[in-house]
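In: everything below, folded, please.
(chains A and B)
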Protein chains: 2
Amino acid sequence: MSTVATPAAGPLALIAGAGRLPGEVAAELTRRGEDLVVLPLTGIADDDFSAFRSSSIDLFDPLNALAALRRAGARGVVMAGAVHRPGIRLLLQGWQAVLHGEEIRKIIQGGDDNVMRGVVDYLEANGFPVIGLREAAPQLMARQGLLCGVAPEQAAADVACGFDVLQRLGPADIGQALVVAALRVLAVEAAEGTDAMIRRVQILRRRGLIGRLQRAGRPPLPERRGGVLVKGAKPSQDFRVDLPVIGPRTVRLAAAAGLSGIAIEAGAVLVVDREATLAAAQRAGLFILGVER
Amino acid sequence: MSTVATPAAGPLALIAGAGRLPGEVAAELTRRGEDLVVLPLTGIADDDFSAFRSSSIDLFDPLNALAALRRAGARGVVMAGAVHRPGIRLLLQGWQAVLHGEEIRKIIQGGDDNVMRGVVDYLEANGFPVIGLREAAPQLMARQGLLCGVAPEQAAADVACGFDVLQRLGPADIGQALVVAALRVLAVEAAEGTDAMIRRVQILRRRGLIGRLQRAGRPPLPERRGGVLVKGAKPSQDFRVDLPVIGPRTVRLAAAAGLSGIAIEAGAVLVVDREATLAAAQRAGLFILGVER
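Out: This next block holds a predicted model:
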């Protein structure tokens, strides 16, 4: 693959996957006066982009996608929205037609994150720089301060403790999220993902095991309800490939685990399906707090 | 409760719970020429202590236990072996007869660890210092070097990486154990315990999710088999109440998770049921390595 010169001007192309996020990104980029062309993925994108200049592309046909980018004269690409696993398998099949075996192997080796990395590399090698959402639409990232709810008094200390531990874990390339209650770390996310980690706290609580961590002279651990999900970006975070997010499901899981709220790194974590997420948090009585690190 | 003078001389009393550990401790203390009296817990201790000076005590009758310690003229107490949950509930009932409500509340608040801490405080307040196994029988703790098996080349780097991350986590009062493969931390233990953490790696592997963590230019993550359980003591570890151990079950879980071995902090982690543990590791082809920190 040769590197091709990209027009310095020209629109930004938004490749739109599933969910509400691509529509939110398109609206935000337009609001900002960005010259935009939306390329919804056929059979994957959920939102209606008829209000935008748009042209569907087939994720399973990379040459078609490149052609659409060239036709649009795109100066860069933003990708937003989910591509679920069946899609990823089909995608690889489609790509086998245009990529050599060795490149396909490099892309598929390692699963989803690497597929995304492979897509990014392919687009960039063909002259279309990929811009992470954090850079392309910083206004969509969580802002500092309370996004909803009221944080109880204990929460401030737990949030500070959580970000402190994430900081320590950063050099180890883990530590995107953890749960803290009464200054005790109940769970740390490594390879299992944020959702699985929150479910673990739910199980600990259901089994009445939270109190086992109680130390003499320390604030009492909340057996039934309390604790904060703390989520941020890792120092090595590649926002083009892996964007830290929370959404309605995060809120539902946090509520089921009896947490009192969620603290996210301002400017680095995105609240997907924002309205539904905040509404779910309000219903569950959870606060959501953006924290500048 | 008043503090009572304890004889500076006198035997060491070993309160023996369930499992093979109390027998191993008794043998080791005797081998070292220690003046020993064994107090097996009625209905709980598994081993036969007829070869030692011994007198059964009733865990559910603290005054009886104190009387036995006084009769023996014990200068201190070592506790070894498990006391399972039903035992703990009965224990609290028995103790309500001798302790005031407030003290009982302090003891039960928080569950098992606190029960143990309550027992330790009670014995010490009555003049019997409790000595942790690490101090009483350091020879039983893992020694430095290979205890069994052969560590593959990658393991040394993974072990170093694992202890490095445990070190970072120490100040947060977590980080007793984690799993590392190809320099990536797959799981970190917080409140769920070592066993549950290892099971998580088994599930990640069964679902084929390990490779998702692959980074370009990093050693390839072992999809099927590989990775090391790393376990040590926390800086705050109270060895009288909470002794870091591995045993046959740890080995079985590690093998089921496809790990290649286990690295434990020399001098700080105890291999319970040592023969069975090493035999299980040999059978499963796992190495066990003691590491000086």
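
In: and the end-to-end length of stretch A:145-159?
Out: 13 Å (Cα to Cα, to the nearest Å).

In: list the contacts of it.
Out: For stretch A:145-159, the external contacting residues (Cβ atoms under 8 Å, 6 or more residues apart in numbering or on different chains) are A:180-183, A:219, A:226-228, A:230, A:260-261, A:263, A:266, A:271, A:278, A:281-282, A:285-291. Glycine gets a C-beta too; all of them are placed from N, C-alpha and C.

In: out of those, which sit inside strands?
Out: Taking DSSP state E as the definition of strands, the contacts of stretch A:145-159 contribute A:V180, A:A181, A:V228, A:V230, A:G261, A:A263, A:V271, A:F287, A:I288, A:L289, A:G290, A:V291.

In: could I get the residues you listed as JSON lines with neighbour count and distance to B:R134?
Out: As requested, those are arranged in JSON lines below (neighbours: other Cβ atoms under 10 Å in any protein chain shown; distance: Cβ to Cβ, whole Å):
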{"residue": "A:V180", "neighbour count": "30", "distance to B:R134": "29"}
{"residue": "A:A181", "neighbour count": "30", "distance to B:R134": "29"}
{"residue": "A:V228", "neighbour count": "29", "distance to B:R134": "34"}
{"residue": "A:V230", "neighbour count": "28", "distance to B:R134": "33"}
{"residue": "A:G261", "neighbour count": "29", "distance to B:R134": "39"}
{"residue": "A:A263", "neighbour count": "26", "distance to B:R134": "37"}
{"residue": "A:V271", "neighbour count": "28", "distance to B:R134": "47"}
{"residue": "A:F287", "neighbour count": "20", "distance to B:R134": "43"}
{"residue": "A:I288", "neighbour count": "25", "distance to B:R134": "44"}
{"residue": "A:L289", "neighbour count": "23", "distance to B:R134": "41"}
{"residue": "A:G290", "neighbour count": "20", "distance to B:R134": "45"}
{"residue": "A:V291", "neighbour count": "22", "distance to B:R134": "39"}
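
In: export these to CSV and tack on pLDDT and distance to chain B?
Out: Listed next are those as CSV, based on pLDDT from 0 to 100; distance: Cβ to the nearest Cβ, whole Å:
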residue, pLDDT, distance to chain B
A:V180, 96, 9
A:A181, 94, 9
A:V228, 98, 14
A:V230, 98, 12
A:G261, 98, 19
A:A263, 98, 16
A:V271, 92, 23
A:F287, 98, 22
A:I288, 98, 22
A:L289, 98, 20
A:G290, 97, 23
A:V291, 97, 17
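
In: which of those residues sit farthest apart?
Out: Farthest apart among those by Cβ to Cβ are A:A181 and A:V271. That separation is 22.5 Å.

In: how about low-confidence regions in the stretch 151-293 of chain A?
Out: Scanning the stretch 151-293 of chain A with the threshold set as pLDDT under 70 gives A:212, A:215-217.

In: backbone torsions only: list them for A:V130.
Out: Torsion angles at A:V130 (phi, psi; degrees, to the nearest 10) stand at phi -100, psi 130.

In: my read: it touches A:V120, true?
Out: Yes - here A:V130 lies in contact with A:V120, judged by Cβ atoms under 8 Å, at a distance of 4.7 Å.

In: tell me where the stretch 51-200 of chain A has strands.
Out: Ranges of strands in the stretch 51-200 of chain A, per DSSP state E, counting those that start in this stretch, are A:76-80, A:145-148, A:177-181, A:184-188.

In: state the mean pLDDT of the second one.
Out: In this case it means strand A:145-148. Here strand A:145-148 scores 96 as its mean pLDDT.

In: can you check stretch A:127-141 too?
Out: Here the average pLDDT along stretch A:127-141 is 92.

In: what's the end-to-end length of that stretch?
Out: Start-to-end, stretch A:127-141 (Cα to Cα) is 27 Å.

In: ok, and what's touching it?
Out: Residues outside stretch A:127-141 that contact it (Cβ under 8 Å, 6+ apart) are A:3-6, A:12-13, A:24-25, A:28-29, A:32, A:66, A:69, A:74-80, A:120, A:123-124, A:238-240, A:243, A:266-270.
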